[in-house]
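Colleague: Model the following, please.
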Amino acid sequence: YYTAMGKRPVNSIIKQSSTGHATNVIGGLAIGMESTFLPILVLAGGIWGSYECAGLYGVAIAAAGMMATTAMQLAIDAFGPIADNAGGIAEMSELPKEVREKTDVLDAVGNTTAATGKGFAIASAALTALALFAAFVGVAGISGIDIYKADVLACLFVGAMIPFIFSSLAIRAVGEAAMAMVEEVRRQFRTIPGIMEGTGKPEYDKCVAISTEASIKKMMLPGAITIVSPLIIGFAFGPEALGGFLAGATVSGVLMGMFQNNAGGAWDNAKKSFEKGVEINGEMFYKKSEPHKASVTGDTVGDPFKDTSGPSMNILIKLMSIVSLVIAPTLAQMYGTGGAHANQKETIEMKMEEKREGENKGGEIKLENPLAIALEKDGLINKNSFSVQLKNDSLIINGVLQAKEVLEKYRSVLNGKTELNIEVNPKL
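Modeller: Model prediction:
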């Protein structure tokens, strides 16, 4: 909807092109920001619904379900570049005008399908990052992320900043490579006679070399930031602060990716609309008109958005989560949070007549152990009177040995504990 020709968002950018280049850019930015509203609500609903069905396992399965459409996404993503190159070949080959018109329509559809495919990719990346995040919490041996702590809140903001720095470096790399390309083309026009007449042969390899060299060298710093920043935060501030860092980066990265992908696609199709002619305030405008020139400026801004920075956001958030998961066992040992490989023991004993910590004023026990909370939620225990033992990889609830499947279901909330004994008013 936000990138399709003939729809309200693209038409609004076309209309704003009539008053100049700046208003075209402003309109495209506004449409990109607006386009995050519905997708984020759908994504949030999917996360909440899958969690209600099967907990974090449900979220992981939802992520796997979205990634199961990979073949369709590849086909959708390949459609746009193929149609775009076909149009370029038709123009360079000086084929009839109607051929170029048909390829322009296909190219416009390709922009819409590309935006759809990139939306799927960023949404599946968000679900995957959430599943990896849950695994990180379990392996690192922390019970949760408390943003009331100053270091965690500070790292949350730092994490939200990373996608902006990454995008800045990616867009700057495109700009610098484009400047070098323009200078090379100008040099060839000056030094090689007959290029415009078709008698001289341009040095195509020089331009290709500029593009490929920039695509590799200019991505070294953004890649290093993606890998090094979780290491610095984790080892300097601990696993909980790193969890806050990941949360900020994931939320900010998903929003940034959706915004840039949709804004770039809308700008591109606004420009392509002028190929057939558009009506603005009762007057028709075509290619090479002043509004079309403004739309070309918007498309030039949108290209690094939709082709470079936007699609890279899903790689950014997934890679940071994977790096954090890899170092989680080491952080658990360094900061004494235990983790999945630590041999932890815990004994909890509560009685109603003794007003111990954890008892509320109403006389009911307030559960604080994650396993007890999960068991009570699933109806396996009565929080006012129960016993739970974990020993030798066996789970016993109220004296009954549970199946291995039950233990595996609650493994993630054990926070690495291998021995556990909870008794709450066992005689009641």
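
Colleague: continuing past the helix or strand of the chain with the lowest mean pLDDT, what's the next helix or strand?
Modeller: When the helices and strands of the chain are compared on mean pLDDT, DSSP states H and E, strand 344-350 comes out lowest with a mean of 52. Downstream of strand 344-350, the next assigned helix or strand under DSSP states H and E is helix 370-377.

Colleague: what's the pLDDT at the residue lying closest to residue 132 once chain neighbours are set aside?
Modeller: With sequence-adjacent residues excluded and distances taken as C-beta to C-beta, 6 or more residues apart in numbering, residue 132 is closest to residue 321, at 3.9 Å. All C-beta spots, glycine's among them, are computed from the backbone N, C-alpha and C. On pLDDT, residue 321 comes in at 90.

Colleague: in the stretch 301-428 of the chain, which spans are helices?
Modeller: Ranges of helices in the stretch 301-428 of the chain, per DSSP state H, counting those that start in this stretch, are 310-334, 370-377, 404-409.

Colleague: Which stretch among these is buried most, on average?
Modeller: Per residue and on average, the most neighbours among the helices of the stretch 301-428 of the chain fall to helix 310-334, with a mean of 21 (mean count of other C-beta atoms under 10 Å).

Colleague: same for it, what does it pack against?
Modeller: In terms of contacts (3 or more C-beta pairs under 8 Å, 6 or more residues apart in numbering; DSSP states H and E), helix 310-334 is packed against helix 97-140, helix 150-191, helix 220-237, helix 239-276.

Colleague: how about the helices of the stretch 301-428 of the chain in CSV, adding distance to residue 63?
Modeller: Output for the helices of the stretch 301-428 of the chain, formatted as CSV (distance: least, C-beta to C-beta, whole Å):
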stretch, distance to residue 63
helix 310-334, 10
helix 370-377, 22
helix 404-409, 19
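
Colleague: returning to what we had before: most tightly packed of the helices and strands packed on helix 310-334?
Modeller: In terms of average neighbour count - mean count of other C-beta under 10 Å - the standout among the helices and strands packed on helix 310-334 is helix 239-276, at a mean of 26.

Colleague: Any idea how far the strand or helix carrying residue 89 is from the middle of the chain?
Modeller: Using DSSP H and E, residue 89 sits within helix 70-92. Its chain's C-alpha centre and that of helix 70-92 lie 24 Å apart, by C-alpha atoms, centre = their mean, to the nearest Å.

Colleague: Please point out which parts of it sit buried.
Modeller: Residues of helix 70-92 classed as buried by neighbour count (16 or more other C-beta atoms under 10 Å): 73, 76-77, 79-80, 83-84, 86-87, 90.

Colleague: between these, which is closest to residue 30?
Modeller: Of all those, residue 80 has the smallest distance to residue 30: 23.6 Å, by C-beta to C-beta.
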